[in-house]
Each structure stands twice: as structure tokens, then as C-alpha cells.
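> mind looking at a prediction? Sequence and model below.
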Amino acid sequence: MITLTNVQKTFTVNDTTIKAVNNVNLSIRKGEIFGIIGYSGAGKSTLIRMLNLLERPTGGTILIDGQDLTQISAKELRLARQEIGMVFQHFNLLWSRTVFENIAFSLEIAGVKKAKIKERVTELIELVGLSGKEHNYPNQLSGGQKQRVGIARALANNPHVLLCDEATSALDPQTTDEILDLLVQINKKYQLTIVLITHEMHVIHKICHRVAIMENGNIVEQGDVLDIFSSPKHSVTQRFVKQISHEDNSLKTARHLAHEFPNGKVVLLKFLKEKAEQPFITNIIRNFKVDINIIQGKILHTQEGGYGSLYIHLTGSEINPALDYLTREGVEIEVMT
């Protein structure tokens, strides 16, 4: 669906060449939600803006549906951009136009007949949950409502791809979740390929199927969200995962408990997918001579399944048989003491 090969973008500032994006290679599948995450200055905004050539790459190829956007004429690019919707961080609405008129704008430019425009805009207003707000102006809307208008406008031309440039970073947590739920609904309803950039791991784990992590213009790690969460390799990825897992606090608690109670073992258990819902702790207590103190645990749900982590303190005469049982059941075990 989308293939980036050796994509580069350099800027020259005061005779200094800055590599904003450095030889990026990505393959994004049709119908998936693909996240690109990085800290400020990582190059993610430049990268996503190259997907519709708002930024033209210095080198490399960008294929969307087999068409290399870097090699087509200006007229062909205008047509290609009709297949690529974009949602912006700060909404980019026309303040002198109503909700209806903002959504209709791109259809008017494309020369769509008024009757068709009314039908399409009405459908989109209902889809994004703004029925009754058609005649409101942007200054009469909340931040979440403005972003819903932005999403509806991006969908007006029935695009194959939706680009989201930090679409939730200006919103409060509850509104962020509502917008993310809307994006998932749109993805499922239209089988729309969504590419989003963010600096928040919460956004990635909640709605993305796969993710790429950027640092200094490079993709340092990429893969299925569940795999990245369960086994992050790069130090930047590990820092992002800790935003969600709060692993540092759990580890400190586990080490403190191990020092205070030297008997037994402090263990970190990790569960993937359906195993995150299994009653392993209950089974251990019933079948082995051990006592268990639960230190801290969490289950994160992704598009591909759940990921659970649990710190426990075990005492008793059958600790090793209990841990052997967990290993046989496919639970990943890390003994802290």
C-alpha cells in the first residue's frame, strides 16, 4: 500500500546541512493503523508530510498504491492528493465557515455537485458525531469537536489513506480517547489505511497495529505493537514503553521488597495475548505450597491482543515447581532476587 525506500530529507541552515529524515525504509499495509512515534526533533512530522509531498524528499522513493509520488507531474500529484486525507494538530479550520461549509470545502474545489455535497457532508457529520452542529462556527466548538470537523473534512473525498499529524496532542485525555475511538471506527468501517505520528505511547498502544520508533531522523525499531511492548530493544523504545507500563516504579518496589523480605523470590511475570486473561495465580495457590504477595500488575490492551506484567513475591516450599509450571504454560519469567 505505502512503501518508502531510502527516503531522505535534508535542510540547510546557515551553511549547515541537517538530516531531518535519514534513509528511512517503511512498508505500511493496506487497512492497518500504523503509528510513528518519537520525541521532538526526531523527524516524524517531516516524514508524514512527505507522504503527500507537502515536504518533498531530498532522495528516495514514496510509493502509494504503486505510484511513485516523487516522479509524477503537478497535475497527477493534485489528483493523488485527493486520495490522501490529512488531519492536523491544530485543526486548520476556516474560521469564517460553518461546520458544514468546512467539510464541504474540498468537495467544492473538486467541482462536486451541490446535491452530492449535501449528501456526503450530512453523512460525515453523522459519522463523526456532530449532528446538530452543522451551522456552528469553529469558535463555538470545543477542541474535540473541532478535531471531529477536521477528520470529517479529511474524509470528504473518500481517501484511501488518512494521515494524522499529532491529531490528539492538543486535547485532554478523555477527548483524546474519544478521537482515537473514532479513528478505530473509521478504520474498520472503510478499511482505511491510517498513518499517525505522536509522542504519546498511549496513542500507539490503544489503536495501532504496528509502530515505528524514530530518533534523529532514523527508524531505530519497528514491528507489531504487541511485540514492541513486550520486548522493546532500543533504549528510546524502552523509554516510551515505560510511559505506559510504569516499570521503573514497579522495579523499585520489587527491589525494596526483596531487601525487606530476603526469604523467597521476587519475580516479574509477563503474559501475551490470551494468556493475560488466564488465572495462573489462582492455579499456583491451589496446586503448590506457596504464598503470593502481589506487588503490582497491569494489563494493556492493543489491537492485536493483551500484554500483562505482574510483579509477585513468592514464599513457601514449592517456589521452583510453581515457576516451572508457569514456564510450561508459556509465561515469561524474570527472577529479581
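That came in fine, so what should we check first?
> okay, CA-based contacts and neighbour counts for the rest of this
Fine.
> would you map the strands across the chain?
Along the chain, counting by DSSP state E, strands occupy 2-13, 16-28, 33-38, 59-64, 67-68, 84-87, 161-165, 193-198, 210-215, 218-224, 265-272, 290-302, 305-316, 332-335.
> give the partner strands of the third one in its sheet and their orientations.
To tie it back to what came earlier, the one meant is strand 33-38. Counting by DSSP bridges, the strands paired with strand 33-38 are strand 193-198 (parallel), strand 210-215 (parallel).
> and if you look at the second one?
Each strand paired with strand 16-28, and its direction, by DSSP bridges: strand 2-13 (antiparallel).
> same thing with the fifth one?
Pairing partners of strand 67-68, with direction, according to DSSP bridges: strand 59-64 (antiparallel).
> between the strand it pairs with and strand 161-165, how big is the angle?
Calculated by axes from the mean of the first three to the mean of the last three CA atoms, to 10 degrees, strand 59-64 forms an angle of 120 degrees with strand 161-165.
> related to what we said a few turns ago, got CSV for the strands of the chain, with mean neighbour count, distance to Thr176 and mean pLDDT too?
What follows is the strands of the chain, written out as CSV (neighbours: other CA atoms under 10 Å; distance: least, CA to CA, whole Å; pLDDT from 0 to 100):
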stretch, mean neighbour count, distance to Thr176, mean pLDDT
strand 2-13, 17, 26, 94
strand 16-28, 17, 24, 93
strand 33-38, 26, 15, 96
strand 59-64, 19, 28, 96
strand 67-68, 16, 33, 93
strand 84-87, 23, 14, 95
strand 161-165, 25, 13, 96
strand 193-198, 24, 12, 96
strand 210-215, 24, 19, 96
strand 218-224, 18, 22, 96
strand 265-272, 21, 26, 85
strand 290-302, 17, 16, 83
strand 305-316, 20, 21, 85
strand 332-335, 15, 33, 86
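> closest to Gln278 out of the ones you listed?
strand 265-272 (9.1 Å; CA to CA).
> mind giving me the packing neighbours of that closest one?
helix 225-230, helix 247-260, strand 305-316, strand 332-335 (3 or more CA pairs under 8 Å, 6 or more residues apart in numbering; DSSP states H and E).
> could you dump stretch 63-79 to PDB, C-alpha only?
This file holds the C-alpha atoms of stretch 63-79, laid out as PDB (Å, rounded to 0.1, in the frame of the first residue of the first chain):
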ATOM      1  CA  LEU A  63       5.000   4.600  -3.400                       C
ATOM      2  CA  ILE A  64       1.300   4.800  -2.600                       C
ATOM      3  CA  ASP A  65      -0.800   2.200  -4.400                       C
ATOM      4  CA  GLY A  66       2.200   1.500  -6.700                       C
ATOM      5  CA  GLN A  67       2.600   5.200  -7.800                       C
ATOM      6  CA  ASP A  68       5.800   7.000  -7.000                       C
ATOM      7  CA  LEU A  69       4.700  10.400  -5.900                       C
ATOM      8  CA  THR A  70       8.300  11.800  -6.400                       C
ATOM      9  CA  GLN A  71       8.100  11.100 -10.100                       C
ATOM     10  CA  ILE A  72       4.700  12.400 -11.100                       C
ATOM     11  CA  SER A  73       3.600  15.700 -12.600                       C
ATOM     12  CA  ALA A  74       2.000  18.500 -10.700                       C
ATOM     13  CA  LYS A  75      -1.400  17.700 -12.200                       C
ATOM     14  CA  GLU A  76      -1.000  14.000 -11.300                       C
ATOM     15  CA  LEU A  77       0.100  15.000  -7.700                       C
ATOM     16  CA  ARG A  78      -3.100  17.000  -7.300                       C
ATOM     17  CA  LEU A  79      -5.200  14.000  -8.200                       C
END
